[in-house]
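[1] sequence isn't available, so here's the structure alone:
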């Protein structure tokens, strides 16, 4: 374990230096997060496909993860059960559009992870930072359980459990548990647990704060301890099913789902589940008694249980949908937790938008009308009065408005339109609109991936650490022949 | 499949050039050996251990294999289900003893496989060639089903099914099915099927030829066809059990066998099987109702079925022992086929030597007395008269002797002593004499290996071909921190 401890110490030191102004010590969080014995027990997976750029390098790292895609370069880092998916990385050939200007890249974009500790972390999309378009960078960063890093360089930061960094560059910041940050550029700062903060390029700003006792009911973390709360209990209770799907080398051949659909062999599919056309069920998604209608998706680390999704619904990374019925085109944002029961079902009308990091945990039946935006903490119908508004009404806002614990300032129509544009983009990228020929997306492109599986040393000073490994594409043509 | 076909064509061309004097075309053998669809269906394994040198590189190769160990560099080659085990490769630190002179190496020894097609081939040990001590080379070589390459550089050769190249350098030669060659240095030549040829450094020579109809009953091959015969039927009938052990990613944790023993997670262990102390059961060995007493071993591709091995018995690569009872210190050489039945059991006395490539396939009970050497083709007790001799009598030979179809010339005592020395060395290297502290061998050192698993592209022009991959050790100390 000596080498693993060195790597961990190095990550702690490097991150602490970046965070010196906030005088946080990430050490006790790192040591508390994962029992060291665990590191030697996993396989890491690197996915190979002819549809995605291929390059993988890791060096002096411990890396117990599930799923890598696209170009990745990992050094001196510990990544535990992380998903990394780089299939949207920018290519040298296409360049990068920044506010209408096409910027030429000097290389294909690479996910670069250096001196970081990423515990069950999802990393996805591509760098939205115009200053670093070639590098999807996570450097000197400590991320706790189920933090999402989505579309951004992150440097020298501490990410609490179940938080999300979305579409922004974050530097030397502490992000509290279950906080959601989408603000393009976050300079050194401390974000409280349960702080939901969206600010788009036009300056429209959406802010909501969870009551601290609600956040800690669902997720909290303390030094030298593993994260705890209802979210951890929930994911822990489904662990065993994932052990099963990850334990078989030869997958049961993909069953014949509807045309254009893709169900990862590393997803759990149980009970009476039906998969419609152009549906994407990503790695580590969990479906049980779920209906996913045409063009719906269940992204990484999401759960759809005892629920009906009519079609073109987005279940974003880490979202959980239980005991719910969704109309078409419903968007359920990152790490949202929707839980109905047979006695208290949740019904969501067509085109509704569940803001990322929303908790709808019912004690009575609740219906969200079509075309509504919902955020915050909902347990009964009356809660919607202060945590939801119709898109129509939202679009009328110009200036500042406060509804319950939410404050919005800016142009409501522009804000909502940007949101809807993004949802459309997500559906498109995932292949929801594939017509058998055009509009190919992840569901169609990801069909034929294979996996390289890498395992750490299981004894001695290198226990829990992997050998260095480098995977690179074949020569394009006959260079090697 | 385009790229795979290119690699195959390249292998065929390069090998044919080497074999131009014998005007053989290896092409139809290569194409007949493996249906191209198969190449996309396998995983290759690279084993990682802190006890063995680590380095693996393959480039522009298709490689559907099971097990790599030690330093390997594979280029432009197709290797199908091959075992490659380099854990006896020479190290820079130790050097190499050639006839009493210690030769300094300029690097650790590396297995280098270039432009070769190796179908289910075992490659093992280290280079015995004093001119190439740093390279365990197999270059421009086509090897058919279950050919063994053991301890030698092989260049530009064609190896028939179930043949063995043992402890020698072979250049530009055609080795027939089930032939066994152990002659230090084989210049361009054609070796007939079933030709057993041992010539040691002192010039002692042992030659036996199988009747052609016997060889072809057990193994034969024709252009554009897969090899066939009783040997192929036998291994085919046990395939399914291996699919099972290779299909699980997380091995059932090694059961607690006797101290000092090792049973590979990629071995099949069935029925009432018992494993004694210091026993080595290698990858792809098959045990069913087998007793392996203290210090016995079952090497790669060997089978022990309904048999009792008292202890310190060697079951060499590819040997099959069925319905047999072996006393202590029995040696069963490469690819030997011993098959008794309940009505016609085989009994082998203490210290007997079954010469590599011996077929004992019984129609009546047969007893081989203790201290006998056996070769050739035995089906009944009377056959021993012309295919066996006591070690004591053998040792008396000085000059030339012919027994049945076997001719020996040289010094019998020296020949037998060399053989016994080697058997002792094999037992020692495999850990049979481990006393809990000293005499560590493979059984003890191989305990804690882990695996990297690599899978080919399953669609498109690269179908059946792997990405380039490079696995290398961690920095020795803190270079990287």
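    Good, I have the coordinates. Computed from a prediction, not measured in an experiment: that's the story for all the values here. Residues are numbered from 1 along each chain as shown, chains lettered A, B, ... in the order given.

[2] list the contacts of residue A:467.
    Shown in contact with residue A:467 (C-beta atoms under 8 Å, 6 or more residues apart in numbering or on different chains): A:454, A:457, B:48, B:54, B:452, B:471-474. Bear in mind the C-beta positions are built from the backbone N, C-alpha and C, glycine included.

[3] with residue A:404 instead?
    With contact taken as C-beta under 8 Å, 6+ apart, residue A:404 is in contact with A:376, A:385-387.

[4] now the two most distant members of the residues you listed.
    A:376 and A:385 (11.2 Å; C-beta to C-beta).

[5] more crowded one of the two?
    Taking neighbours as other C-beta atoms under 10 Å in any protein chain shown, residue A:376 and residue A:385 compare with residue A:376 leading, 25 against 10.

[6] pretty sure the more buried one contacts residue A:406?
    Yes - using C-beta atoms under 8 Å, residue A:376 is in contact with residue A:406, at 6.6 Å.

[7] which neighbours do the two share?
    Common neighbours of residue A:376 and residue A:406 (C-beta under 8 Å, 6+ apart) are A:208, A:386-387.

[8] what mean pLDDT would you report for stretch A:454-461?
    The pLDDT scores in stretch A:454-461 average 80.

[9] list the buried residues in that stretch.
    By neighbour count with 16 or more other C-beta atoms under 10 Å in any protein chain shown, stretch A:454-461 contains the buried residues A:454-459.

[10] now, the residues you listed that are in strands?
    Among the buried residues of stretch A:454-461, DSSP state E puts residue A:454 in strands.

[11] out of the buried residues of stretch A:454-461, which are close to chain B?
    Restricting the buried residues of stretch A:454-461 to those adjacent to chain B (criterion: C-beta under 8 Å from any C-beta of the partner chain) gives A:454-459.

[12] could I get the full set of helices for the stretch 151-300 of chain A?
    A:212-218, A:230-237, A:239-247 (DSSP state H, counting those that start in this stretch).

[13] which of the contacts of residue A:467 has the most neighbours?
    residue A:454 leads these on contacts (other C-beta under 10 Å) with 29 neighbours.

[14] which ones are touching that one?
    Residues near residue A:454 by C-beta under 8 Å, 6+ apart: A:43-46, A:63, A:466-467, A:469, B:452-453.

[15] for it, give its distance to residue B:60.
    Per C-beta to C-beta, to the nearest Å, residue A:454 is found 21 Å from residue B:60.

[16] over to residue A:128?
    Using C-beta to C-beta, residue A:128 is found at 36 Å from residue B:60.

[17] rewinding a little: turn the shared contacts of residue A:376 and residue A:406 into JSON lines, including neighbour count.
    Formatted as JSON lines, those follow (neighbours: other C-beta atoms under 10 Å in any protein chain shown):
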{"residue": "A:208", "neighbour count": "23"}
{"residue": "A:386", "neighbour count": "16"}
{"residue": "A:387", "neighbour count": "21"}
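
[18] nearest to chain B, of those residues?
    residue A:208 (41.9 Å; C-beta to the nearest C-beta).

[19] isn't that closest one up against residue A:403?
    No - under the criterion of C-beta under 8 Å, residue A:208 is not in contact with residue A:403, lying 9.3 Å apart.

[20] secondary structure of residue A:79: a strand, I assume?
    Yes - under the criterion used here (DSSP: H, G, I helix; E, B strand; the rest coil), residue A:79 sits inside a strand.

[21] give me the neighbour count for it.
    Neighbour number of residue A:79 under other C-beta under 10 Å is 27.

[22] also residue A:421?
    Residue A:421, neighbours per other C-beta under 10 Å, totals 10.

[23] that one sits in which helix or strand?
    In the assignment (DSSP states H and E), residue A:421 maps to helix A:412-429.

[24] and that helix, average pLDDT?
    What helix A:412-429 shows for mean pLDDT is 94.

[25] please apply the same query to stretch A:372-387.
    Confidence for stretch A:372-387, expressed as mean pLDDT, is 98.

[26] next one: stretch A:331-344
    In this model, stretch A:331-344 carries a mean pLDDT of 98.

[27] who touches the nearest residue to residue A:387 once chain neighbours are set aside in this structure?
    Excluding its sequence neighbours, the residue lying closest to residue A:387 (C-beta to C-beta, 6 or more residues apart in numbering or on different chains) is residue A:376, at 3.8 Å. For residue A:376, the contacting residues are A:208, A:210, A:358-359, A:383, A:386-387, A:404-406, by C-beta under 8 Å, 6+ apart.

[28] of the residues you listed, which belong to helices?
    Those of these mapping onto helices are A:386-387, per DSSP state H.

[29] out of the contacts of residue A:376, which is nearest to residue A:20?
    Using C-beta to C-beta, residue A:210 comes nearest to residue A:20 of the contacts of residue A:376, at 28.5 Å.

[30] which SSE is immediately downstream of the helix or strand harbouring residue A:9?
    Residue A:9 is part of helix A:2-18 when elements are defined by DSSP H and E. Going down the chain from helix A:2-18, the next helix or strand is helix A:27-33, by DSSP H and E.

[31] got a list of what the closest residue in space to residue A:231 that isn't next to it in sequence touches?
    Among residues not flanking residue A:231 along the chain, residue A:219 sits closest, at 4.6 Å (C-beta to C-beta, 6+ apart). Going by C-beta under 8 Å, 6+ apart, residue A:219 touches A:161-162, A:177-178, A:193, A:227-232.

[32] one more pass at 10 Å, please.
    A:144-146, A:160-163, A:176-178, A:193-194, A:227-232, A:335, A:337 (C-beta atoms under 10 Å, 6 or more residues apart in numbering or on different chains).

[33] residue A:213 too?
    Neighbour list for residue A:213: residue A:194 [criterion: C-beta under 10 Å, 6+ apart].

[34] how close does it get to residue A:197?
    With distances taken as C-beta to C-beta, residue A:213 is found 20 Å from residue A:197.

[35] do residue A:426 as well
    20 Å.

[36] for the residue nearest to residue A:387, give its distance to residue A:335.
    Taken as C-beta to C-beta, the span from residue A:376 to residue A:335 is 14 Å.

[37] what is in contact with those two at once?
    Counting by C-beta under 10 Å, 6+ apart, the residues touching both residue A:376 and residue A:335 are A:357-359.

[38] turn the residues you listed into CSV, columns for pLDDT and distance to chain B.
    Converted to CSV, the shared contacts of residue A:376 and residue A:335 look like this (pLDDT from 0 to 100; distance: C-beta to the nearest C-beta, whole Å):
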residue, pLDDT, distance to chain B
A:357, 98, 34
A:358, 98, 36
A:359, 98, 35
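
[39] after the helix or strand bottoming out on mean pLDDT in chain A, next one along is what?
    Taking mean pLDDT, DSSP states H and E as the measure, the helix or strand of chain A with the lowest value is strand A:62-64, at a mean of 71. Where DSSP H and E defines the elements, the next helix or strand beyond strand A:62-64 is strand A:71-75.

[40] could you pull out the buried residues of that following strand?
    For strand A:71-75, by 16+ other C-beta under 10 Å, it's A:71-75.

[41] pick out whichever of these sits closest to chain B.
    Nearest to chain B among the buried residues of strand A:71-75: residue A:75, at 7.5 Å, using C-beta to the nearest C-beta.

[42] so the closest one bridges to which residues?
    Judged by DSSP bridges, the bridge partners of residue A:75 are residue A:59, residue A:114.
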